[in-house]
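Student: I need the structure of the sequence given here:
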Amino acid sequence: MSIRTQRVAKLLQREIADVLNKEFGQQLMVTVTDARVTKDLSIAYIYVSVFGQTPEQRQAAFRHLQDQIPQIRSSLASRIRHQLRMVPELRFFLDESLEQARKMETLFDRIRAERARREGDE
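Tutor: Numbers count the residues shown, from 1 in each chain. This next block holds a predicted model:
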C-alpha cells in the first residue's frame, strides 16, 4: 500500500468508528479493527468485530450493520468531504480474530491447569 492509501485507510477507520459509535451506538456494538483501500480509492474494505454472546447474535448484528451501509456512507461523506473528493464504496467484513484469540486462551488455560494437576500428582 502506498502512503496515500494508508492515510486514507486510517482516516476511514477512525471516521467510520466514530460514526458507528455516535450515530449507531444504541443499535450496534461494533469495533472497527482495520481498514484497507484499493489503489484508486474507490473501494474501502472495513474489518469489524461485533460484540455478542453467541455467534448467531454476532451474525445478526453484522447483517444489521450491512443493512445500514447507505446511511453510514452518507454520514461519512459529510465528515470527510474536505479530505476526499469521492467517498469510497464500503464493504464490511466480520473480523473473528478476537473470538479466536479468546478460544486459544481458554485452551492454553486448560493445558496449564492439566499440567499443574499432573505435576501435583507426582
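Student: What part of this protein, helix or strand, is modelled with the least confidence?
Tutor: The weakest-scoring helix or strand in the chain, judged by mean pLDDT, DSSP states H and E, is helix 97-121 (a mean of 85).
Student: List the contacts of that helix.
Tutor: For helix 97-121, contacts defined as C-beta atoms under 8 Å, 6 or more residues apart in numbering pick out 33, 49, 58. Just so you know, the C-beta spots here come from the backbone N, C-alpha and C atoms, and that holds for glycine as well.
Student: residue boundaries of the helices in this structure?
Tutor: Under the criterion DSSP state H, helices of the chain are mapped to 3-23, 55-67, 69-80, 97-121.
Student: need the ones you listed in TSV with distance to Thr38, can you?
Tutor: Shown next, in TSV, are these (distance: least, C-beta to C-beta, whole Å):
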stretch	distance to Thr38
helix 3-23	8
helix 55-67	19
helix 69-80	16
helix 97-121	22
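Student: could those be laid out in CSV, adding mean neighbour count?
Tutor: Listed next are the helices of the chain as CSV, based on neighbours: other C-beta atoms under 10 Å:
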stretch, mean neighbour count
helix 3-23, 16
helix 55-67, 14
helix 69-80, 15
helix 97-121, 10
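Student: so how far is Asp95 from the residue most central in space within the chain?
Tutor: Nearest to the mean C-alpha position of the chain, by C-alpha atoms, centre = their mean, lies Val48 at 1.4 Å. Note on Val48: its distance to Asp95, by C-beta to C-beta, to the nearest Å, is 6 Å.
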